[in-house]
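Student: only geometry, no sequence info:
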């Protein structure tokens, strides 16, 4: 009898689908998925409309992305990080960051190789590694500060380690890795000749005094690092699914060989629109972080007033809240009850761990504050008035 492939047999439904469906069923305020309520900049929409009207962007885009967009991506890296990226050999436009990460893993990792990930991790990393035939090796970030043990990190490296997947600013914890932490990772990767696949989709969502430092800027790291980012978080365009991968030509060649057989190319008009977006003035980026600084403060204040124990995020737009003093079950059980009893949807991070490490997640749920202020205020009222348990 025909059956599904073993490579996907162990995958269940993603937690985001489960929570979204429950939130809709119970008419809950959805602070689960990171779907911004704000609209993208008007100039970006105008650039999209122009690209759709000019008759030049209705057919396949080049597999690695349009020349204009690739140059805009390289300009962005130079503008913010003083990185020199070859727009022709060092950039690939992908179907969002998720596809970029998958293409990078497929293009840089062989079956049987080990890939280090920091847990909790975004939920596509582990399936991507598994589908590539590789073996994920988890290094836990321990609450409440979400830091790793240096000895555990060193012990994760072996002769089979091929790559390390990095995410900073970090989803779901909101950690922004320091220069010292990145230097520790860099030293180990150079010692063991390991490539880094770094997910930096929240690169412009960093709250002072924290500072985002791309690991590719560290000495000796550009040549062994591929960097993934996207327009979704930065321009409130998660539905456009426009991402990119940058790095040295020697590694980007491997990513491209995988990408060409996953999606081949990405929506053509959108690339021209995001090229314009990346060239927006500094005032856009300043207003962007100011908006999220306010939203972070709003939800943190509401949670604290409601008696929740929270970890203040240094980056991204998520807050990790502890339910240790109000519920004895698992994070998933708590998240389900919170939807039903408080009318607020959150994400349980136990699904962001290797199965054998799920108990390390602790009594936490993740809340997204990329929502309208009024919605955040109402969620705060509900969470204060009705806690599960």
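Tutor: Right, received. Where do you want to start? Computed from a predicted structure; not experimentally measured.
Student: remind me which residues of the stretch 251-389 of the chain are low pLDDT?
Tutor: Within the stretch 251-389 of the chain, the stretches with pLDDT under 70 are 386-389.
Student: And the strands in it?
Tutor: Under the criterion DSSP state E, counting those that start in this stretch, the stretch 251-389 of the chain carries strands at the ranges 309-311, 318-322, 344-345, 364-368.
Student: Now do the second one against strand 364-368, angle only.
Tutor: Read it as strand 318-322. Counting by axes from the mean of the first three to the mean of the last three Cα atoms, to 10 degrees, strand 318-322 points 150 degrees away from the direction of strand 364-368.
Student: For strand 318-322, enumerate the helices and strands it packs against.
Tutor: Strand 318-322 is packed against helix 282-305, strand 309-311, strand 364-368, with contacts defined by 3 or more Cβ pairs under 8 Å, 6 or more residues apart in numbering; DSSP states H and E. Quick note: C-beta positions are derived from backbone N, CA and C, even for glycine.
Student: Of the strands of the stretch 251-389 of the chain, which is nearest residue 272?
Tutor: strand 364-368 (29.2 Å; Cβ to Cβ).
Student: The closest one versus helix 282-305: what angle between them?
Tutor: Between strand 364-368 and helix 282-305, the angle comes out at 140 degrees (the same axes, to 10 degrees).
Student: partners of residue 364 in the sheet?
Tutor: Counting by DSSP bridges, residue 364 is bridged to residue 322.
Student: Pretty sure it sits against residue 334.
Tutor: No: with contact defined as Cβ atoms under 8 Å, residue 364 does not reach residue 334; the gap is 9.2 Å.
Student: who's more crowded, these two?
Tutor: The neighbour comparison of residue 364 against residue 334 (other Cβ atoms under 10 Å) goes to residue 364, with 27 against 22.
Student: In contact with that one, which residues?
Tutor: 143, 320-323, 331, 348-349 (Cβ atoms under 8 Å, 6 or more residues apart in numbering).
Student: Now the closest residue to residue 234 other than its chain neighbours: which helix or strand?
Tutor: What sits nearest to residue 234 in space, not counting adjacent residues and going by Cβ to Cβ, 6 or more residues apart in numbering, is residue 204, at 5.5 Å. Under the criterion of DSSP states H and E, residue 204 resides outside all helices and strands.
Student: Quick check on residue 204: phi, psi?
Tutor: Here is the backbone geometry of residue 204 (degrees, to the nearest 10): phi -100, psi 10.
Student: just to revisit the earlier point, overlap in contacts of residue 364 and residue 334?
Tutor: Common contacts of residue 364 and residue 334, defined by Cβ under 8 Å, 6+ apart, comprise 323, 348.
Student: which helices and strands does the helix or strand harbouring residue 128 pack with?
Tutor: Using DSSP H and E, residue 128 sits in helix 125-131. The contact analysis (3+ Cβ pairs under 8 Å, 6+ apart) places helix 125-131 against helix 6-9, helix 96-108, strand 114-119, strand 135-140.
Student: which element follows the first one toward the C-terminus?
Tutor: Think helix 6-9. Sequence-wise, the next helix or strand downstream of helix 6-9 (DSSP H and E) is helix 15-25.
Student: re earlier: just name the closest of the contacts of residue 364 to residue 195, please.
Tutor: Proximity of the contacts of residue 364 to residue 195 was ranked by Cβ to Cβ; the top entry is residue 349 with 26.4 Å.
Student: who are the neighbours in contact with the closest one?
Tutor: 120, 172, 320, 331, 361, 364-366.
Student: Give me the buried positions along stretch 34-45.
Tutor: Within stretch 34-45, the residues scored as buried using 16 or more other Cβ atoms under 10 Å are 34, 36, 40-41, 44.
Student: Please apply the same query to stretch 141-149.
Tutor: Buried residues in stretch 141-149, counted by 16+ other Cβ under 10 Å: 141, 143, 146, 148.
Student: Lowest-confidence one in those?
Tutor: In terms of pLDDT, residue 143 ranks lowest among the buried residues of stretch 141-149, with 92.
Student: what residues are up against the residue lying closest to that one once chain neighbours are set aside?
Tutor: Once flanking residues are discounted, residue 143 sits nearest to residue 362: 5.2 Å by Cβ to Cβ, 6+ apart. Applying Cβ under 8 Å, 6+ apart, we find residue 362 in contact with 143, 322, 324, 331.
Student: rewinding a little: need the helices and strands packed on strand 318-322 in CSV with distance to residue 223, can you?
Tutor: Formatted as CSV, the helices and strands packed on strand 318-322 follow (distance: least, Cβ to Cβ, whole Å):
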stretch, distance to residue 223
helix 282-305, 28
strand 309-311, 35
strand 364-368, 34
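Student: So which of those is nearest residue 222?
Tutor: Comparison of the helices and strands packed on strand 318-322 against residue 222 by Cβ to Cβ identifies helix 282-305 as nearest, at 23.2 Å.
Student: Can you point out the buried residues in the closest one?
Tutor: By neighbour count on 16+ other Cβ under 10 Å, the buried set for helix 282-305 is 284, 288, 292, 295-296, 298-300, 302-303.
Student: now for those residues, which pair is the farthest apart?
Tutor: Largest separation among the buried residues of helix 282-305 by Cβ to Cβ: 284 and 303, giving 28.9 Å.
Student: Residue 231 reaches residue 266, doesn't it?
Tutor: No: if you go by Cβ under 8 Å, residue 231 and residue 266 don't touch, sitting 10.8 Å apart.
Student: Quickly list what's touching both of these two.
Tutor: The contact sets of residue 231 and residue 266 overlap at residue 242 (Cβ under 8 Å, 6+ apart).
Student: Cool, thanks, talk later.
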